[in-house]
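Visitor: sequence unavailable; structure follows:
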């Protein structure tokens, strides 16, 4: 700007403005904590005006941000991925993923190299470095195991799975290091669970499904022959959740959690709705409908695949509750019961604790008589009637 | 020493469910990637990314037109540290899920979870032939998606609390215009194999297949597939599937039609205390082989021609641990610590490997002469 062309008052104002702009200070780097961006300020206006032609590769070379406290001397690891913008005299680096609270970063602005790229002029400014970090989050209360299903103390030796429910989201990638099964002599049993690398979490990561190794449960397969079923009827076991297991914030669990149970003989029977008992509620009430089973059923599936329909066949809105060691399904309607014909609809994939469902047993014995009608059904409908008051 | 794999009688019956029952549905357009899992390259520059959290498979057009320079990928130690550096986090918060080699450019793509908790973010990282890492811009890429949902998804309809069911996509593979998707539910223990035509049409034309496998002709059961691989042999396409429980089953792909009941062949059981991790086909000295990577039994190399010859064997005797194993011959190859592999060129694979001496996670080439 040629100040001599301006009137004296205006020139004085312009000088004052220049003084007040950070552009006249030495370049520096700061962290905008609210926006999660790393900013370079204090670059001189001539340079700022020439930055439009820089590519992302250029920016990565002259204004990289790294994890840790020092930039790697040899370029042995890449800078943090993100995008650079120049707005209102500020060069802003917005990381592609949010900076991790509590983790250290280092930003390096090579002013001379920036000047060379932007203007072609040789510069002799020293590079600027800054160590940055967002404040660590205050730790949440420690996570606990709320419940392990099935809740019964006697479980069939061909038990298929446990569900472990946590009070807060957990951390992926270490589940099988922290869940153990001991027999009644205190021996830890190896190779009993199906280790699925991805881990079988429910959305939200507060429930983990742990399958027993199905190859050991199913008859006729080599793992079954080699090692037998994981559990043996008559033996007591202790399932242990190790407190070193970390939650989503990286904190260990509050305490060890365990569940003891005794194995009973294998269950190789299909579910038979003829054995189920329905207790209809009174018309006009908000009392629950009760559906009672002769054995515990799978908690996850009970929650998901049982529906109550009204006279017209529509699904009733309401709340389900599973009780009495998963032998009882209660349904509380949102609206009072109306007299007339209703039905319970159950998807045929509903399983007991050993993976037998309404279509077949877990491992179908081909030498037994087939049940073609049952094997192809997708839904079982159990009508019930609510009497007029 | 070549071993012998148990070959047992098998029935693999496929029941193709009506679409209404399976509830598979498709969508095209701008997908939201919620997680990045198994990878597979399709036609052209298309990278399929399995998204278990989004219950979908996304097809990204990578526009990776780099010409192979003749250079080969250098060995990269502590690849997880380098990915963490790129993603602005620590190696503990980096889970590398799968690797895939772009057949044209030889760039290696890694699917990554950034973070381990419920707020984990997906990423796909490219490693070029010089070993340089960069983040793939998935938001800017042209993409289509196939949703893999299970009706009746009525969880949402009533006050049943948060939906808890999830499908983990355990493997995907592309062959001849179709994407094969295997999955494992966190609730019901069922087979989940889907065949989806690509390009995704936006119509409900996915085929849901219920697979049974048997043992000794006496028992059969549903089972989820851990890893699968289409392969051509004798002019016919087959699907080779390794189950979680752990039979290795093959069946002809062209029989995968509505209402078909297929008899497949169990050509191996991978055995107790072990899980199959990955499966690829490779050629060595002009001979095609199948390589199965295992969690604890190293690598198993099977001659493709031996799979062709394998016929169903029926036996009424139960196997025991001491019983000599009969069936398809395999060679145990020293590939301990190798978690994932993909074909790189005529005589090399690229592998993701945990170095058992140093604990370092490596991305490196692996000469097929060693296999």
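Guide: Everything's here; your move. These numbers were taken from a predicted model, which means no experiment stands behind them. Numbering: from 1, shown residues only, chains lettered A, B, ... in the order given.

Visitor: and residue A:121, what pLDDT?
Guide: Note for residue A:121: predicted pLDDT of 88.

Visitor: can you give me the distance of whichever residue of chain A sits closest to chain B to residue A:171?
Guide: Nearest residue of chain A to chain B, counting by C-beta to the nearest C-beta: residue A:248, 2.6 Å away. Every C-beta, even on glycine, is put in place using the N, C-alpha and C of the backbone. Distance from residue A:248 to residue A:171, counting by C-beta to C-beta, to the nearest Å: 6 Å.

Visitor: between the two, which contacts overlap?
Guide: Common contacts of residue A:248 and residue A:171, defined by C-beta atoms under 8 Å, 6 or more residues apart in numbering or on different chains, comprise A:205, B:116, B:117.

Visitor: can you say which of those are buried?
Guide: Applying 16 or more other C-beta atoms under 10 Å in any protein chain shown to the shared contacts of residue A:248 and residue A:171, the neighbour count classes A:205, B:116, B:117 as buried.

Visitor: in three-state terms, label the second one for me.
Guide: Using DSSP: H, G, I helix; E, B strand; the rest coil, the three-state assignment for residue B:116 comes out as coil.

Visitor: quick check, it in contact with residue A:175.
Guide: No. Using C-beta atoms under 8 Å, residue B:116 is not in contact with residue A:175; the gap is 10.5 Å.

Visitor: how deep is residue 74 tucked in, by neighbour count?
Guide: Just so you know, I chose chain A. Residues contacting residue A:74 under the criterion other C-beta atoms under 10 Å in any protein chain shown number 5.

Visitor: the intended chain is chain B.
Guide: 13.

Visitor: ditto for residue A:181
Guide: Residue A:181 has 20 nearby residues by other C-beta under 10 Å.

Visitor: tell me the secondary structure for it?
Guide: Under three-state DSSP, residue A:181 falls in the strand class.

Visitor: what's the residue nearest to it when sequence neighbours are not counted in contact with, if anything?
Guide: Of all residues not flanking residue A:181 in the chain, residue A:189 sits nearest, at 4.7 Å (C-beta to C-beta, 6 or more residues apart in numbering or on different chains). Counting by C-beta under 8 Å, 6+ apart, residue A:189 makes contact with A:180, A:181, A:182, A:183, A:230, A:237.

Visitor: quick one, grab the pLDDT at residue A:189.
Guide: At residue A:189, pLDDT is 93.

Visitor: what bits of the chain have low per-residue confidence?
Guide: The chain I'm using is chain A. A:1-25, A:220, A:222, A:225, A:364-367, A:370-373 (pLDDT under 70).

Visitor: nope, chain B
Guide: With pLDDT under 70 as the threshold, chain B has low-confidence stretches at B:1-31, B:149-161, B:202-222, B:257-264, B:271-272, B:311-327.

Visitor: need the nearest residue in space to whichever residue of it sits closest to chain A, chain neighbours excluded.
Guide: Here chain B gets closest to chain A at one residue, residue B:117, 2.6 Å apart by C-beta to the nearest C-beta. In space, and not counting its chain neighbours, residue B:117 is closest to residue A:248: 2.6 Å by C-beta to C-beta, 6+ apart.

Visitor: kindly report the same for residue A:265.
Guide: residue A:233 (4.6 Å).

Visitor: now do the contacts for that neighbour.
Guide: A:157, A:263, A:264, A:265, A:266 are the contacts of residue A:233 under C-beta under 8 Å, 6+ apart.

Visitor: right, and the residue of chain A closest to chain B touches residue B:93 too?
Guide: No. With contacts counted by C-beta under 8 Å, residue A:248 stays clear of residue B:93, the gap being 10.6 Å.

Visitor: who touches both of those two?
Guide: Common neighbours of residue A:248 and residue B:93 (C-beta under 8 Å, 6+ apart) are residue B:116.

Visitor: what about residue A:278, distance to residue A:92?
Guide: 65 Å.

Visitor: the two: which is more packed in?
Guide: Set side by side, residue A:278 and residue A:92 show more neighbours around residue A:92, with 19 against 16, by other C-beta under 10 Å.

Visitor: the more buried one against residue A:82, yeah?
Guide: No. With contacts counted by C-beta under 8 Å, residue A:92 stays clear of residue A:82, the gap being 9.7 Å.

Visitor: enumerate every residue touching residue 78.
Guide: No chain specified, so I'll use chain A. Contacts of residue A:78 by C-beta under 8 Å, 6+ apart are B:82, B:85, B:86, B:132, B:133, B:134.

Visitor: can you look at chain B instead?
Guide: Residue B:78 is in contact with B:91, B:360, B:361, B:362, counting by C-beta under 8 Å, 6+ apart.

Visitor: look at residue A:359 and give its secondary structure.
Guide: coil.

Visitor: and it, what does it touch?
Guide: Contacts for residue A:359 were tallied using C-beta under 8 Å, 6+ apart; they are A:270, A:348, A:349, A:374, A:375, A:376, A:377.

Visitor: before we move on, what about residue A:176?
Guide: A:193, A:195, A:199.

Visitor: doesn't residue B:296 make contact with the second one?
Guide: No. With contact defined as C-beta under 8 Å, residue A:195 and residue B:296 do not form a contacting pair (9.7 Å).

Visitor: would you mind splitting chain A into its domains for me?
Guide: Domains of chain A are assigned by automatic domain parsing as A:3-132, A:145-264, A:273-386.

Visitor: most tightly packed of these?
Guide: Mean neighbour count, computed with mean count of other C-beta atoms under 10 Å in any protein chain shown, is highest for domain A:145-264 among the domains of chain A, reaching a mean of 19.

Visitor: from residue B:340, how far off is residue A:108?
Guide: 34 Å.

Visitor: can you name the residues bridging to the residue nearest in space to the middle of chain B?
Guide: Against the mean C-alpha coordinate of chain B, by C-alpha atoms, centre = their mean, the closest residue is residue B:171 at 3.1 Å. Using DSSP bridges, the bridge partners assigned to residue B:171 are residue B:182.

Visitor: let me see the contact set for it.
Guide: B:38, B:50, B:181, B:182, B:225, B:226, B:227, B:228.

Visitor: any idea how far the residue nearest to the fifth one when sequence neighbours are not counted is from residue A:196?
Guide: Translated: residue B:225. Using C-beta to C-beta, 6+ apart and skipping residues adjacent in sequence, the residue nearest residue B:225 is residue B:182, 3.8 Å away. With the distance defined as C-beta to C-beta, residue B:182 ends up 12 Å from residue A:196.

Visitor: need the residues touching each of the two.
Guide: With C-beta under 8 Å, 6+ apart as the test, residue B:182 and residue A:196 both reach residue B:170.

Visitor: so which residues of chain B form helices?
Guide: Counting by DSSP state H, chain B has helices at residues B:19-22, B:79-87, B:304-309.

Visitor: ranking the ones you listed by burial, who's on top?
Guide: helix B:79-87 (a mean of 24).

Visitor: surely residue A:232 is within a helix?
Guide: No. Using three-state DSSP, the assignment for residue A:232 is coil, not a helix.

Visitor: quick one, what contacts it?
Guide: Contacts of residue A:232 (C-beta under 8 Å, 6+ apart): A:157, A:263.
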